[in-house]
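In: Sequence plus the predicted model coming up.
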Amino acid sequence: MTITPDTARTAPAPKGTGSLVASDGARYARIWGVGGYRPERVVPNSELVERIDSSDEWIRERSGIVSRRYAAAEETVVDMSEAATRQALEAAGINASQLGAIVIATVTHPYQTPAAAPILANRLGVTCAAFDISAACAGYCHGISLANDMIRGGSAEYVLVVGVEKLSDFTDWDDRGTAFIFGDGAGAAVIGPSDTPGIGPTIWGSDGAQWQAIMQREPWTDYRRPQVGEGPFDKTVQPRNWPAIGMAGQSVFRWAVWGMAPVAQQAIDKAGISIDDLDAFIPHQANMRIIDAMIKQLKLPADIPVARDIAETANTSAASIPLATERMLRQKEIPSGGLALQIGFGAGLVYAAQVVVIP
């Protein structure tokens, strides 16, 4: 039966007369602990310069990158996520069994399905909600916002948010504009209930008109499938490398510098604080020149610590903000309980920013 304005008047009345019970969530949420994993292999600029006809000095001047970490061939995004997660759980002082949800932000898990999160949940011995999100370099900040809403909405008491990438699998070693940019790693955060506000309002959005500025160059469908009669391990089927990620560097630079500082300022304003109240600025580690330009645009006081993890970790996309946070805490550059402005931005083009209480 098709319901129209006329038939709706005669449609059967609902059977129940009661109302749904509202979820009983925490009043506020905060980050309770962070963890980070950096692969063992350190790759200095000198290992990359010959193929792109460049130099260590050129790379440092252009990006601020001195070295990066590459995962071993057999290491997966799940392996790296697990290492970072166990640190975060220990820092938060909770057991994996207390997790109500796991959110993994990544664009380099090589399977369309299953997601990485359920596999991580299994390794942790839990059966909670588990799913991946694809928001590139803004993915971690998206995950923090989702976790905050889940805890306050009552669908989870503790949420694990992981940002992880194995970008070395998606790098074109002959592309002079991107070969030196990317690195591998994972950062994790445990978000849980709080008596006071610990995560400010998220300012997020997208500019899909510029989707080609950062993108996987070819879709997976462009890669040759075995034909009828050919097995998946048939040696006559020539393997292909995974599609590389390309970038229109100047367009991205201009968008990040001129477009993201206002977003960061909105996050400060919505949090009800001034820039002088901040104890740290932790932007996505895309490029040192972008970071410096944002500092200038925001008129950030000179005494506020700024994350510059890019120098030794390069651009790890969704992992960059939690990795930088973990390093700054470990090296005692930022105070526990202080306020940090974090902002992620990247392929899509997408962005997200919020002020958080430092765990």
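Out: That came in fine, so what should we check first?
In: where are the low-confidence patches of this protein?
Out: Applying pLDDT under 70 to the chain flags the ranges 1-14, 16-17, 208, 210-242, 245-249, 251-253, 256, 348.
In: Give me the contacts around the top helix by length along it.
Out: Criterion DSSP state H: the longest helix present in the chain is helix 249-270. Here helix 249-270 makes contact (Cβ atoms under 8 Å, 6 or more residues apart in numbering) with 177-178, 200-203, 205, 207, 210, 213-214, 274-275, 278, 283, 286-287, 289-290, 293-294, 297-298, 341, 343, 345, 349, 351, 353-355. All C-beta atoms are positioned from the backbone trio N, CA, C, and that covers glycine.
In: Quick one: distance of it to the chain centre.
Out: 17 Å (Cα atoms, centre = their mean, to the nearest Å).
In: helix or strand right after it?
Out: strand 280-283 (DSSP states H and E).
In: what's in contact with that next one?
Out: By Cβ under 8 Å, 6+ apart, strand 280-283 touches 260, 264, 290-291, 294-295, 298, 300, 304-307, 321, 324-325, 328, 333-334, 338-344, 358.
In: Show only the entries of those residues found in helices.
Out: Under the assignment DSSP H, these contribute 260, 264, 290-291, 294-295, 298, 321, 324-325, 328 to helices.
In: Select from the residues you listed the one having the most neighbours.
Out: Within the ones in helices among the contacts of strand 280-283, residue 321 tops the neighbour count with 31 neighbours, counted by other Cβ atoms under 10 Å.
In: Quick check: it vs residue 34, distance?
Out: Plainly put, residue 321 is 10 Å away from residue 34 if you go by Cβ to Cβ, to the nearest Å.
In: Next, show the common contact partners of those two.
Out: Jointly contacting residue 321 and residue 34 under the rule Cβ under 8 Å, 6+ apart are residue 187.
In: Settle this for me: residue 357 is touching residue 199, isn't it.
Out: Yes: in this structure residue 357 lies within contact range of residue 199 using Cβ atoms under 8 Å: 7.5 Å.
In: Show me the common contact partners of the two, please.
Out: Contacts common to residue 357 and residue 199, judged by Cβ under 8 Å, 6+ apart, are 30-31.
In: Stretch 91-109: end-to-end distance?
Out: Its first and final residues considered, stretch 91-109 spans 26 Å by Cα to Cα, to the nearest Å.
In: Run the chain-centre distance for that stretch.
Out: Worked out by Cα atoms, centre = their mean, stretch 91-109 lies 13 Å from the chain centre.
In: need the strands for the stretch 1-150 of the chain, in chain order.
Out: Applying DSSP state E, counting those that start in this stretch to the stretch 1-150 of the chain gives strands spanning 28-37, 41-44, 67-70, 99-105, 129-133.
In: most tightly surrounded among the ones you listed?
Out: strand 99-105 (a mean of 26; mean count of other Cβ atoms under 10 Å).
In: Quick one: residues in contact with it.
Out: With Cβ under 8 Å, 6+ apart as the test, strand 99-105 has contacts from 77, 81, 115-117, 120-121, 124, 126, 128-135, 139-140, 142-143, 146-147, 150, 155-164, 190, 318.
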